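# Below are the sequence and a predicted model; questions follow.
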Amino acid sequence: MKLPHSFAASAITLALGISAASAHAADLTVTAYGGAWEQAYRRCFVQPFEKKTGKRVDVILGSPMQWINQIAANPAKPPIDVMVGLVDSGEIARERGLVEKLNDSDLPNLKELKPNMLGFGKGYGFPIASGDFGLMYSKKAVANPPKTWQEFVDGVVAGKWHAAVPGIAYVATAQGFIGLFATLYGGSLDNVQPGLDQIKRLKASGNVTFYSEPNSPLVALKSGDIDMAMYFDGRAWAEHDASNPDIGYLNPKPGAVAFPTMVQKVKNGSPLAWQFMNDLASADRQSCFANAMQYSASNRNVKYSEQVKPRVPRDDDSMWLSFDTISKKTPQWIEMWNKQIGR
C-alpha cells in the first residue's frame, strides 16, 4: 500500500531525528584506523573504558587529514574529541590550533612513556605505539624475498614480482614511500624527485597495484593477485597469525620507516577525553594493544608475549625521518605526485 505523502514525510522526519539523536548519543567521539587496528583499539581501549566509566564511546574511521578538516570546519563544537593520527598530521593539527596542550595532572600515565616517543608530540600529543613500513610477501610466490629496497624496485620493474604499493591517498605514502625512496636514491626530503622517479619506474613496469586502504593488499596477497606489498609490520604479523602462515614480513635494508601513532585532545572537545587518553597511555592497556597489533609501545613498562617480543622493532633499528619537514612538504609532494604519477 502506498503511504500518503504527508505520512511518508513525517516518517522520514522521525527517522532523521532518531538518526541524529543516535549520532549525538555518545559521550565521547574518537578516531581510529580500519581493519585489525580498529578491532584491537576497540578491544584494548574503548571497551574497557566504557565498562569502567559507564560512558559510551563512538569510534569513527577515516584518515588524519580528513579528521583535521572536519574539526577545522567547526572548531567551536568539534565532531571529534580524541584524534588518532601520525606525527606529521599531529604537527599540522598543532600548528592550526586545533588541539590542546597536554596537562600532567590530567594524564599521570605520561610519566611512564619513553622520552623520545613523548617528545614527538611537542606537548600536544603522545604516541600509543610505533610500527615499521616494510614488505609483506607470500612465502609460496617469493622464495627469496628482496634483502634491500633497491632489490625490491629492480625485481618488480623486471617482472620478477607483482607488488602492491601505497597510492597518494594512503596514510603512509608521504614518509614511508616518497620520503624513503628520495633518501635512498640520492635525494632528500627537500628534493624528492629521485624518489618519484623510482615510483614512476614501478608504475611504468605494469607490475604494481596502488592501494588506498589497508585491507586491499591482504585480499590481493591471499588471492594470489600480488606477490608482495609495502605494508605495516604489525598488520602483516597479525594476518600471519590469523591462519595465514604463508604470509611473511621483513624490513629491507637499510631499514623501514617508523610510524608512531599520535593521540591528541581536540580543542573544545569533551573533558572526558583526558580520562580516555590517560588509559591510552597506560602500560596495561598498551600491553593489550601492542601484543594484538605487534607494534612497539610507547609505554616503557609494556610486557610483550614471547611470540611478539622478537617481532617488535627496536627504536634504533627503524628509520626515523623528520616529521616536521614531512608535515610542511606533504602538500607539495601530493601536487608533484598528481602531476607525474596520477591520482
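In hand now; what should we look at?
# CA atoms for contacts and neighbours, from now on please.
Will do.
# how about the strands in this structure?
With DSSP state E, the ranges of strands along the chain come out as 28-32, 57-61, 82-86, 126-138, 163-166, 208-211, 228-232, 247-250, 257-265, 296-297.
# Nearest to D316, out of those?
Closest to D316 of the strands of the chain is strand 257-265 (C-alpha to C-alpha; 10.1 Å).
# winner for burial among the strands of the chain?
For the strands of the chain, average neighbour numbers computed from mean count of other C-alpha atoms under 10 Å are highest in strand 296-297, which has a mean of 30.
# shaky segments in the chain?
Residues of the chain meeting the criterion pLDDT under 70: 1-24, 343.
# which residues does the residue nearest to N251 when sequence neighbours are not counted bridge with?
Among residues not flanking N251 along the chain, G134 sits closest, at 4.8 Å (C-alpha to C-alpha, 6 or more residues apart in numbering). Beta-bridge partners for G134, by DSSP bridges, are Y231.
# how about a markdown table for the strands of the chain, with distance to D316 added?
Listed next are these as a markdown table, based on distance: least, C-alpha to C-alpha, whole Å:
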| stretch | distance to D316 |
| --- | --- |
| strand 28-32 | 27 |
| strand 57-61 | 31 |
| strand 82-86 | 19 |
| strand 126-138 | 12 |
| strand 163-166 | 25 |
| strand 208-211 | 29 |
| strand 228-232 | 17 |
| strand 247-250 | 16 |
| strand 257-265 | 10 |
| strand 296-297 | 12 |
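# so which of those strands gets nearest L98?
Of the strands of the chain, nearest to L98 by C-alpha to C-alpha is strand 257-265, at 8.7 Å.
# Please list the outside residues in contact with the closest one.
81-87, 90, 99-100, 117, 121, 124-134, 175-176, 180, 273-274, 277, 318-321 (C-alpha atoms under 8 Å, 6 or more residues apart in numbering).
# go on, stretch 107-115?
Counting by C-alpha under 8 Å, 6+ apart, 104, 118, 274-275, 277-279, 281-283, 298-301 sit against stretch 107-115.
# start to end distance for it?
End-to-end distance of stretch 107-115 (C-alpha to C-alpha, to the nearest Å): 15 Å.
# same thing with stretch 225-235?
The first residue of stretch 225-235 is 19 Å away from its last residue (C-alpha to C-alpha).
# quick one: contacts of that stretch?
36-37, 131-138, 141-142, 161-166, 217, 220-221, 249-250, 293-295.
# need the contact list for A292.
40, 238.
# All further residue positions should be reported with the first residue as 10.
Okay, residue one is now 10; in that scheme the one you just asked about reads as A301.
# all helices of the stretch 160-309 of the chain, in order?
Using DSSP state H, counting those that start in this stretch, the helices of the stretch 160-309 of the chain run over residues 182, 189-193, 202-214, 224-232, 242-250, 281-289, 292-302.
# Figure out which of those helices is closest to D67.
Using C-alpha to C-alpha, the nearest of these to D67 is helix 281-289, at 12.1 Å.
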